[in-house]
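What shape does this take:
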Amino acid sequence: MRTTTAPAPSLTAAEVKRLRADFPALSQSVHGKPLVYLDNAATTQKPQAVIDAIVGYYSRDCSNIHRGLHQLSERATASYEQARQKAARHINAADARQIIFVRGTTEAVNLVAHSWGRPRLKPGDEILISTMEHHSNIVPWQLLCEATGATLRVIPINDAGELEMDAFERLLGDRTRLVSVVHVSNALGTINPIERIVEMAHARGALVMVDGAQAAAHVRLDMQQLDCDFYAFSSHKIYGPTGVGVLYGKADLLESMPPYQGGGDMISTVTFEKTTWNRLPHKFEAGTPDIAGVIGLGAALDYLHGVGLDRAAGWEAELQAYATSVVGAIPGVTLVGRAPHKASIVSFTMDGIHPHDIGTILDQDGIAVRAGHHCTQPLMERYHVPATARASFAFYNTRAEIDALARGINRVKEVMG
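Numbering: from 1, shown residues only. Just a heads-up that it's a prediction; the model follows:
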């Protein structure tokens, strides 16, 4: 992460109120109550600027990219490639060629597993993941291990929801080929010490992939300083449209990897005898992409940086601290995940009440939270719970909404007896 000499001031409540007007969905009512949207870890709402960018493509510039000489195609191509430049700046990649557009973090992990892992891994090799991983950072590696004979090993966590770094160091060995870990846990909010993880893994000759789906909207990223080998994030969790994401990779690794899919745009030449591949990044972008989605992602990054990532993160940290205090003080509520270094998530259970009931009753008050295992079933097993209720915050949330959540939780207790 890029360092600064002094932290930027956070957004003010007055600024947040003005910014909320940029998000059409936030002004609606649900079940006759004002919407309190606290499900941002699942997907964020979209500002009007993103909606306008998508409509603008379809209404003015609708054309395929990279293949046309006419004006519409040239405009669409320019907007698409500008979004790549914006994504590179957002994570401070050394070169926009290192930005591969994919459908989301899930596809990015699968791409690395298929194109990097399958040609290289063999029986006895090891991949390390952690207990807090999303299923999308578990299942692709399981499939890879089944196909190659490699072994999947798991870094444990402590009760607070932090990686046990001593155990990680013991697990790192001469057969470790890859460490794939989440930057910010989607179920706990824990921010993992990625720089230290990368340093330790590289010292043993292992590569590192980072699932940044929950981090990209909340943490300032610097690939050149972080030095991980692969990093992935999704558009829809950073105020952009669904169905689009980014895979960053070091250029030499991407150059050495075979294509993930075959088809148009990823080729240089095709004959019936042999095909040669296009240069980066196009080698990994077969077929017509979600052009409107990528343009929408570019608009989302413009919007977020216009707000100020550091100022937004400062406000979110205030909300995180306030929600932890308020929700954690309610009798019968247990917070799940109490790591001191967290981002924008409060997960909790209630004595004798299933999280699905919590979510359903809160919805009747217009409060949107997520209830379930959050695609982290092994993590739920670690805490001996079937599921949690999760409130997750964006910079457009307010203290008043957290107060509404607290009132809603108390109403859950009343309804459930």
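
per-domain residue ranges of this protein.
As recorded under automatic domain parsing, the domains making up the chain are 13-48+308-412, 51-305.

could those domains go into JSON lines alongside mean pLDDT and mean neighbour count?
From N, CA and C alone the C-beta is placed, and that goes for glycine too. Listed next are the domains of the chain as JSON lines, based on pLDDT from 0 to 100; neighbours: other Cβ atoms under 10 Å:
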{"stretch": "domain 13-48+308-412", "mean pLDDT": "97", "mean neighbour count": "18"}
{"stretch": "domain 51-305", "mean pLDDT": "96", "mean neighbour count": "19"}
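
Tell me which stretches of the stretch 151-300 of the chain form helices.
165-171, 194-203, 223-226, 251-256, 291-307 (DSSP state H, counting those that start in this stretch).

Of these, which is nearest residue 107?
helix 291-307 (12.7 Å; Cβ to Cβ).

Quick check: what element follows that closest one along the chain?
helix 309-328 (DSSP states H and E).

Show me what that following helix packs onto, helices and strands only.
strand 333-335, strand 345-350, helix 399-416 (3 or more Cβ pairs under 8 Å, 6 or more residues apart in numbering; DSSP states H and E).

contact partners of it?
With Cβ atoms under 8 Å, 6 or more residues apart in numbering as the test, helix 309-328 has contacts from 4, 7-11, 16, 189, 218-220, 304, 333, 335, 342-346, 348, 391, 393-395, 397-399, 402-403, 405-406, 409.

same check, this time on stretch 349-363
Outside stretch 349-363, the residues touching it (Cβ under 8 Å, 6+ apart) are 30-31, 332-334, 336, 368-372, 385-389, 405, 408-409, 411-413, 415-416.

what distance separates the start and the end of it?
16 Å (Cα to Cα, to the nearest Å).

ditto for stretch 272-282
Start-to-end, stretch 272-282 (Cα to Cα) is 21 Å.

Check stretch 379-399 too.
Stretch 379-399: ends 29 Å apart by Cα to Cα.

Name the helix or strand for residue 128, please.
strand 126-130.

can I get the CA coordinates of that strand in CSV?
What follows is strand 126-130 as a C-alpha-only set of coordinates in CSV (Å, rounded to 0.1, in the frame of the first residue of the first chain):
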residue,chain,number,x,y,z
GLU,A,126,1.7,-27.2,-2.6
ILE,A,127,-0.7,-24.3,-2.7
LEU,A,128,-1.4,-22.3,0.5
ILE,A,129,-4.8,-20.6,1.1
SER,A,130,-6.3,-19.5,4.4
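
which residues are in contact with that strand?
Residues contacting strand 126-130 (Cβ under 8 Å, 6+ apart): 117, 121, 137-138, 141, 144-145, 150-157, 163, 168, 171-173, 175-182, 192, 201, 206.

Which of the residues you listed fall within strands?
Cross-referencing those against strands under DSSP state E gives 151-155, 176-182.

quick one: which of those residues is nearest residue 283?
residue 178 (20.8 Å).

Next up, the contacts around that closest one.
Residues near residue 178 by Cβ under 8 Å, 6+ apart: 116-117, 127-128, 206-209.

Can you name the residues bridging to it?
residue 127, residue 207 (DSSP bridges).

That one and residue 194: what is the separation?
15 Å (Cβ to Cβ, to the nearest Å).

one step back: would you list the helices and strands packed on helix 309-328 in CSV and tack on distance to residue 87?
As requested, the helices and strands packed on helix 309-328 are exported to CSV (distance: least, Cβ to Cβ, whole Å):
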stretch, distance to residue 87
strand 333-335, 34
strand 345-350, 24
helix 399-416, 30
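
re the thing from before, reformat the helices of the stretch 151-300 of the chain as CSV; add distance to residue 97.
Below are the helices of the stretch 151-300 of the chain laid out as CSV (distance: least, Cβ to Cβ, whole Å):
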stretch, distance to residue 97
helix 165-171, 32
helix 194-203, 21
helix 223-226, 13
helix 251-256, 6
helix 291-307, 16
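
Could you check which helix or strand contains the nearest residue to residue 415 once chain neighbours are set aside?
Distances taken as Cβ to Cβ, 6 or more residues apart in numbering put residue 361 closest to residue 415, at 5.5 Å, once the chain neighbours are dropped. Per DSSP H and E: residue 361 is located in helix 355-364.

now that helix and helix 399-416, what's the angle there?
120 degrees (axes from the mean of the first three to the mean of the last three Cα atoms, to 10 degrees).

How far away from the center of its chain is the helix or strand following helix 355-364?
Counting by DSSP H and E, the next helix or strand C-terminal to helix 355-364 is strand 367-368. In this view, strand 367-368 has its centroid 21 Å away from the chain centroid, taken as Cα atoms, centre = their mean, to the nearest Å.

what comes into contact with strand 367-368?
By Cβ under 8 Å, 6+ apart, strand 367-368 touches 30, 33, 35-39, 362, 404-405, 408.

thinking again about what came up before, between the helices and strands packed on helix 309-328, which one is nearest to residue 84?
Per Cβ to Cβ, nearest to residue 84 of the helices and strands packed on helix 309-328: strand 345-350, 29.3 Å.

and the angle from the closest one to helix 355-364?
Using the same axes, to 10 degrees, strand 345-350 lies at 110 degrees relative to helix 355-364.

and the angle for strand 345-350 with helix 309-328?
Using the same axes, to 10 degrees: strand 345-350 against helix 309-328 is 10 degrees.

quick one on the thing from earlier: out of the ones in strands among the contacts of strand 126-130, which one sits closest to residue 77?
Closest to residue 77, out of all of the ones in strands among the contacts of strand 126-130 and judged by Cβ to Cβ, is residue 180, at 33.0 Å.

what's residue 375 in contact with, if anything?
134-136, 186.

next one: residue 66
77, 265, 282.

Same question for the closest residue to residue 358 other than its chain neighbours, what's its three-state structure.
With sequence-adjacent residues excluded and distances taken as Cβ to Cβ, 6+ apart, residue 358 is closest to residue 389, at 4.4 Å. Using DSSP: H, G, I helix; E, B strand; the rest coil, the structure places residue 389 in strand.

Would you check that my belief about residue 389 contacting residue 374 is correct?
No - using Cβ atoms under 8 Å, residue 389 is not in contact with residue 374, being 10.1 Å away.
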